[in-house]
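Let me see the structure of the following:
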Amino acid sequence: MKKYIFFLLCSSIFISCGDYQDVTFMGIENVKVTSMSQQGVEAEITVRIKNPNNRSFTIYKSDLDATLNGMDAGKANLSKNVRIKANSEQTYIFNIQSDFSSISLNDLPKLMALAKSKNAKIGLKGNLKAGKLFIKKSFPVDIAKNVPLSGF
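Now for the predicted structure:
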């Protein structure tokens, strides 16, 4: 009986996901640096996403490689899951934590100049985990955008 219920649940999930359309990343709108120290940076990245599907989904905590103005900025960790609403085009805030473990002493002057600048080229590369319930998939991410910095 348990196998039958599990089969029905899985079948209904796969059938309901039949007419899937691609979710569109519309761009990074803002990056707000909430804190910066010798250990790393915490930031809120505001992203516009269009989901034309009738189903919402969640972007799960993920690790990405980060760059700041071409400098290797270590790992960027998405610290909270983000729920993307169905049939929507709106902005979502991603809380990112990055460590500076891979920044060399030669990069410190560049990092200080970056802290005072109004814009930065932010790069994120890796795999982002997304899905709903028991169905999860990794999506490759390779973004490099000039974005306004605020809040620091």
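
So in the protein, which strand runs the longest?
Across the chain, the longest stretch assigned as strand under DSSP state E is strand 135-150.

on contacts alone, who are the packing partners of that strand?
Under the contact criterion of 3 or more C-beta pairs under 8 Å, 6 or more residues apart in numbering; DSSP states H and E, strand 135-150 touches strand 24-36, strand 119-132. Heads up, the C-betas are built off the backbone N, CA and C, glycines and all.

Now it: average pLDDT?
The pLDDT scores in strand 135-150 average 79.

for stretch 92-100, same thing?
85.

What of stretch 19-38?
Here stretch 19-38 scores 78 as its mean pLDDT.

for that stretch, which positions count as buried?
By neighbour count on 16 or more other C-beta atoms under 10 Å, the buried set for stretch 19-38 is 28, 30-31, 33, 36.

now, among those residues, which is nearest to Lys145?
Proximity of the buried residues of stretch 19-38 to Lys145 (C-beta to C-beta) peaks at Ile28, which lies at 5.0 Å.

contacting residues for that closest one?
Applying C-beta atoms under 8 Å, 6 or more residues apart in numbering to Ile28 gives the contacts 45-47, 122, 143, 145, 147.

repeat for Leu64
By C-beta under 8 Å, 6+ apart, the contact set of Leu64 is 75-78, 124-128, 141.

I'd like to know which of the residues you listed are buried.
Neighbour-count burial (16+ other C-beta under 10 Å) applied to the contacts of Leu64 gives 76-78, 124, 126, 128.

returning to what we had before: determine which of the helices and strands packed on strand 135-150 approaches Thr58 most closely.
strand 119-132 (6.5 Å).

same for the closest one, what does it pack against?
The elements that strand 119-132 packs onto, with contact taken as 3+ C-beta pairs under 8 Å, 6+ apart, are strand 24-36, strand 57-59, strand 63-68, strand 135-150.
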